[in-house]
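1. From the sequence below, what's the structure:
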Amino acid sequence: MAEFGWGISEELKKKAKRELNEDPNEIKDAILGVREQIITRPDITFLRTDDTFILRFLRARKFDTFEAFKLYGRYFEFRQDNPDIFKKFQASETGIKDALLDGLPGVLPNHDHFGRKIFVLYSANWDNGRYGLDSIYRSILLTLEKLIDDDEAQINGFVVIVDWSQFTFKQSMWLSPKVLKQMIEGLQLVLSKKSPDFASNQVSIFKVMPKQRKTPKKRKSYTSESLQKAVNDVKYNNISLRKASIKYGVPVMTIHDHIAGKVDDGAKPGRPTVLSFEVERKIVE
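-> As a prediction, this is how the structure comes out:
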């Protein structure tokens, strides 16, 4: 990172001043203002207190030292509360290495029209027989940690695109609302963003397009007991969804939705084919 703007283009300096309230003459005082608040949180171990690291949180909060410190504290609090995520947190770790070699995540060489870096994640690249979702998550966090040190990335931000078009049932077994919420929270903090409720605020575009059936099918009648037996057979006896559906008279997607945690029987069954979301630098109030 350039030392407080040294090496940053004039255009980027103007953008930082206009959108982030960044004044080169006041940066040192702002950093000091954040650092002086560290003593108010003796419960947190602040592993990094250097100027360049604190600066990224100031930029995320438009140089409001109080709000920047709150975010700064939450960042290290998250690391303390989730030690397993950051254990052996390096590219040479087997799971992280495998995910990175499979392009999870991939970073495009070009930026978008706002100057933001573009991340892409393709579910088809995930070999869940070799590594789990946690390895992908850790590889994403590690990649972001490296890239966010750049002034341009802090000022312009990132765009993240996730393609679920070839997402399989076997892969969906790794997902749960709890895991996804934890992932979103961690990503927001690494990106130095406001940590919102799950899938809100900073996730400004979140589109799910369900798979449409060409012709309507009659709903099958089944009991909660038969549904539970079907779910158990698929989960623990390695029976395919189709065989379980035929055996117990429960629709395939109903079994899938219950295993995946979607238990609202009133909703039309279906699975997402494409999911894309954008993580913006600007704070959405």
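
2. Please identify the buried residues of stretch 126-144?
-> Using 16 or more other CB atoms under 10 Å as the test for burial, stretch 126-144 gives 126, 128, 131, 133-144. All C-beta atoms are positioned from the backbone trio N, CA, C, and that covers glycine.

3. Work out the gap between that stretch and the centre of the chain.
-> Mean C-alpha position of stretch 126-144 versus that of the full chain (CA atoms, centre = their mean, to the nearest Å) differs by 11 Å.

4. averaged over its residues, what pLDDT does it have?
-> The average of the pLDDT scores along stretch 126-144 is 90.

5. outside of it, which residues touch it?
-> Residues outside stretch 126-144 that contact it (CB atoms under 8 Å, 6 or more residues apart in numbering): 84-85, 89-91, 93-96, 98-100, 102, 104-105, 107, 119, 121, 158, 170-171, 174-175, 179, 183, 186-187, 190-191.

6. Now the buried members of those.
-> Applying 16+ other CB under 10 Å to the contacts of stretch 126-144 flags 85, 93, 95-96, 98-100, 102, 104-105, 119, 121, 158, 171, 183, 186-187, 190-191 as buried.

7. Out of these, list just those in helices.
-> G95, I96, D98, A99, L100, Q171, M183, G186, L187, V190 (DSSP state H).

8. Okay, the fourth one and I259: tell me how far apart.
-> In this case it means A99. 24 Å (CB to CB, to the nearest Å).

9. Between which two of the ones in helices among the buried ones among the contacts of stretch 126-144 is the distance greatest?
-> Q171 and V190 (23.3 Å; CB to CB).

10. measure D29 to D23 for me?
-> Taking CB to CB, one finds D29 at 10 Å from D23.

11. Low-confidence ranges, the stretch 101-250 of the chain, go.
-> 176-177, 191-222 (pLDDT under 70).

12. what about the strands in it?
-> 106-111, 117-122, 158-163, 207-210 (DSSP state E, counting those that start in this stretch).

13. quick one: which of those strands is nearest T40?
-> Closest among the strands of the stretch 101-250 of the chain, once you apply CB to CB, is strand 158-163, at 30.4 Å.

14. And F169, how far from V160?
-> From F169 to V160 the distance is 24 Å (CB to CB).

15. of these two, who's got more company?
-> With neighbours defined as other CB atoms under 10 Å, F169 and V160 compare such that V160 has more, 20 against 16.

16. can you tell me which residues contact F78?
-> With CB under 8 Å, 6+ apart, F78 has these contacts: E185, G186, L189.

17. So the last one versus L71, what's the distance?
-> Right, the one you point to is L189. 7 Å.

18. Straight-line length of stretch 34-41, end to end?
-> 12 Å (CA to CA, to the nearest Å).

19. list the buried ones in that stretch?
-> V34, R35, I38.

20. Now T94: closest residue in space that isn't a chain neighbour?
-> Y131 (7.7 Å; CB to CB, 6 or more residues apart in numbering).
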